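below are the sequence and a predicted model; questions follow.
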Amino acid sequence: MPNLYIARQPIYDRALNVIAYELLYRDDDHNSADFVNGNTATTHVVINAFLEIGLENLVGTHQAFINLTRSFLLETYPMPFPKERVILELLEDIVIDDEVIAACRRLVTDGYTIALDDFVYSESSRPLLEIIHIIKIDVLALGMEETQRHAELLKPYKIKLLAEKIETHEVLEQCKALSFDYFQGYFLARPNLIKQQRTPTMRITALRTLSILQNPQAEIKDIEATIAQDVALSYKLLRYINSAAVSLPKKVDSIQKALIIAGTQCIRLWATLIVLSNVSEKPHGLMNIALVRAKMCELLAEKMQLKNKDSFFTVGLFSTLDALTDQPLQDILAHLPLSDAVNDALLKYQGKPGELLRAVLAYEEGGMALEEIKRLGLPLSVISDAYLEAIHWADLNIQSFTSSSA
């Protein structure tokens with residue numbers, strides 16, 4: 001079972017008490033951040049901190065500094081973080097313009113604390129200085145003379161100053177003399193790498209979310225509540241719904257609005273894709289197989305005029321759970337609140353959903369003359385058309401999903 005990684009580096013006050021931790025992206029044992037996509041790094045930090053390890057296990061009662069990219073900042077839907085537990089840290093490569101300033105005003109109004117990373121004074125940054133709360137200055141990069149100049153420039157503003165990259169006792173004392181409020185750097189503490197194995201319990205939680213999403217009897221309020229309680233799922237889903245791939249006429253800033261504007265079926269599908277991608281590190285090809293089976297089962301159920309076609313979709317979708325999670329299917333289903341009909345279909349191929357799944361699997365293997373297919377009572381041309389339509393539908397959805405989540 002693959003490991004997850006995250007690092008934390010303490011931030012100290014003038015008495016050298018820990019007041020917060022900065023959470024840092026890591027993807028291996030080397031305790032260094034090697035990544036190209038800042039959005040991906042931030043997403044991994046959010047998922048690992050809030051959903052996998054747990055924020056309280058990482059920072060205790062302290063606050064967490066979390067790096068934000070420009071795209072995270074500019075989204076108009078609510079930030080998926082508890083405002084009292086986090087400090088939103090704007091990365092140094094974010095261009096400060098009217099959009100960024102407006103986004104920061106909105107977040108401050110909502111009660112968030114905002115910090116600027118690796119700050120270098122410029123005229124364009126002045127409007128932001130009236131809004132934000134903390135400025136981090138890289139004393140190693142600027143040098144003490146320039147650090148002192150920045151401290152003087154920032155005195156008129158009601159801003160806390162944080163000196164980062166402190167590597168010697170001398171620099172620490174110089175920054176204290178310049179009235180810096182907070183301190184961070186290798187001299188005080190190096191980032192601590194936290195490595196944890198993903199546990200089956202975490203996967204079961206995700207799978208329970210799936211079972212609610214795919215429950216035909218689930219009401220809109222149930223779906224909304226299920227998605228809303230999952231921080232990373234809510235963020236990813238709203239990010240996709242507001243992406244160019246969907247092209248909605250206006251921004252959607254809540255799960256409730258997403259369900260109304262995009263439709264329940266659309267939201268169910270995309271939430272399901274996101275959860276499946278988090279459950280498994282397997283290639284998207286396996287997820288594609290699950291979607292093809294799900295759609296083909298649904299299409300054939302329609303052709304046969306069977307009721308509850310959503311249940312047939314669920315049976316096809318869940319038929320790959322054992323491969324996705326590397327656990328016996330019977331063990332997985334024991335933890336999920338699925339109907340007896342769905343369980344019997346998946347484990348014993350019983351009932352109409354089970355018969356249809358068996359036929360889909362037989363066709364998938366190329367057995368067009370097998371009895372399982374003949375029992376459906378449908379012409380082979382209809383089955384073939386359903387298979388091709390399911391492949392096309394799954395390919396389109398996987399492509400949209402991978403491009404919007406990159």
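It's in. Predicted model only: the values in this text are computed from it and were never measured.

mind listing the helices for the stretch 151-300 of the chain?
Assigned by DSSP state H, counting those that start in this stretch, the stretch 151-300 of the chain shows helices spanning 169-177, 200-213, 220-228, 231-241, 255-262, 264-279, 284-303.

between helix 264-279 and the fourth one, find me the angle.
I take that to be helix 231-241. Between helix 231-241 and helix 264-279, the angle formed by their directions is 130 degrees, by axes from the mean of the first three to the mean of the last three Cα atoms, to 10 degrees.

same for helix 231-241, what does it pack against?
helix 38-46, helix 220-228, helix 255-262, helix 264-279, helix 380-404 (3 or more Cβ pairs under 8 Å, 6 or more residues apart in numbering; DSSP states H and E). Using the backbone N, CA and C atoms, a C-beta is placed for each residue, glycine as well.

got the buried residues for that helix?
231-241 (16 or more other Cβ atoms under 10 Å).

quick one: mean pLDDT for it?
Helix 231-241 carries an average pLDDT of 72.

swap in the last one?
Averaged across helix 284-303, pLDDT comes to 87.

that helix vs helix 380-404, what angle?
Between the axis of helix 284-303 and that of helix 380-404 there is an angle of 140 degrees, by the same axes, to 10 degrees.

immediately after helix 284-303, which helix or strand?
Next in sequence after helix 284-303, counting helices and strands by DSSP states H and E, comes helix 309-318.

the longest strand that the chain contains packs against which elements?
When the chain is parsed with DSSP state E, its longest strand is strand 3-12. Helices and strands touching strand 3-12, as assessed by 3+ Cβ pairs under 8 Å, 6+ apart, comprise strand 18-25, helix 55-59, strand 182-183, strand 192-197.

dump the ones you listed into CSV; add distance to Lys295 as well.
Compiled in CSV, those are given as follows (distance: least, Cβ to Cβ, whole Å):
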stretch, distance to Lys295
strand 18-25, 35
helix 55-59, 38
strand 182-183, 53
strand 192-197, 34
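
could you dump stretch 221-228 to CSV, C-alpha only?
C-alpha atoms of stretch 221-228 as CSV (Å, rounded to 0.1, in the frame of the first residue of the first chain):
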residue,chain,number,x,y,z
LYS,A,221,-29.7,16.9,0.5
ASP,A,222,-27.9,13.6,1.3
ILE,A,223,-25.6,13.9,-1.7
GLU,A,224,-24.9,17.5,-0.8
ALA,A,225,-24.1,16.7,2.8
THR,A,226,-21.9,13.8,1.8
ILE,A,227,-19.8,15.9,-0.6
ALA,A,228,-19.7,19.0,1.6
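
give me the buried positions along that stretch.
223-224, 226-227.

redo these as JSON lines? Include distance to Ser381.
Formatted as JSON lines, the buried residues of stretch 221-228 follow (distance: Cβ to Cβ, whole Å):
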{"residue": "Ile223", "distance to Ser381": "36"}
{"residue": "Glu224", "distance to Ser381": "41"}
{"residue": "Thr226", "distance to Ser381": "39"}
{"residue": "Ile227", "distance to Ser381": "39"}
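
of all the residues you listed, which two lie farthest apart?
Glu224 and Thr226 (7.3 Å; Cβ to Cβ).

comparing the helices and strands packed on helix 231-241, which stretch has the densest surroundings?
Each of the helices and strands packed on helix 231-241 was scored by mean neighbour count; the highest is helix 264-279, a mean of 21, by mean count of other Cβ atoms under 10 Å.

just checking, what packs against that one?
helix 200-213, helix 220-228, helix 231-241, helix 255-262, helix 284-303, helix 321-325, helix 380-404.

list the contacts of the closest residue to Ile132 other than its chain neighbours.
In space, and not counting its chain neighbours, Ile132 is closest to Ile114: 4.4 Å by Cβ to Cβ, 6 or more residues apart in numbering. By Cβ atoms under 8 Å, 6 or more residues apart in numbering, Ile114 lies in contact with 87-90, 104, 107-108, 131-134.

same thing with Leu346?
Contacts of Leu346 by Cβ under 8 Å, 6+ apart are 315, 318-319, 329, 333, 354, 357.

and if we set it to 10 Å?
Residues near Leu346 by Cβ atoms under 10 Å, 6 or more residues apart in numbering: 314-316, 318-319, 321-322, 329-330, 332-333, 338, 353-354, 357.

surely Thr314 touches Leu333?
No. Thr314 lies out of contact with Leu333 (Cβ atoms under 10 Å); the separation is 11.7 Å.

the two: which is more packed in?
Thr314 (28 against 19; other Cβ atoms under 10 Å).

list the buried residues in the helix or strand Ile332 falls within.
Element membership of Ile332 [criterion: DSSP H and E] is helix 329-334. Neighbour-count burial for helix 329-334 flags 329, 332-333 (criterion: 16+ other Cβ under 10 Å).

which of the three states applies to the closest residue to Gln174 other than its chain neighbours?
Of all residues not flanking Gln174 in the chain, Met144 sits nearest, at 5.7 Å (Cβ to Cβ, 6+ apart). Three-state assignment for Met144 (DSSP: H, G, I helix; E, B strand; the rest coil): helix.

surely Met144 touches Cys175?
Yes. Contact criterion Cβ under 10 Å: Met144 and Cys175 qualify, at 8.5 Å.

higher neighbour count, these two?
Per other Cβ under 10 Å, whichever of Met144 and Cys175 has more neighbours is Cys175, with 26 against 14.

measure the more buried one to Phe187 for me?
Distance of Cys175 to Phe187, given as Cβ to Cβ, to the nearest Å: 11 Å.

got any residues that touch both of the two?
Common contacts of Cys175 and Phe187 (Cβ under 10 Å, 6+ apart): Ile166.

now do the contacts for Ala49.
Neighbouring residues of Ala49 by Cβ under 10 Å, 6+ apart: 6, 8, 23, 55, 57-59, 64, 66, 81, 85-86, 194, 231-232.

compare the helices and strands packed on helix 264-279 and give me the one nearest Val275.
With Cβ to Cβ as the criterion, Val275 lies closest to helix 200-213 of these, at 5.1 Å.
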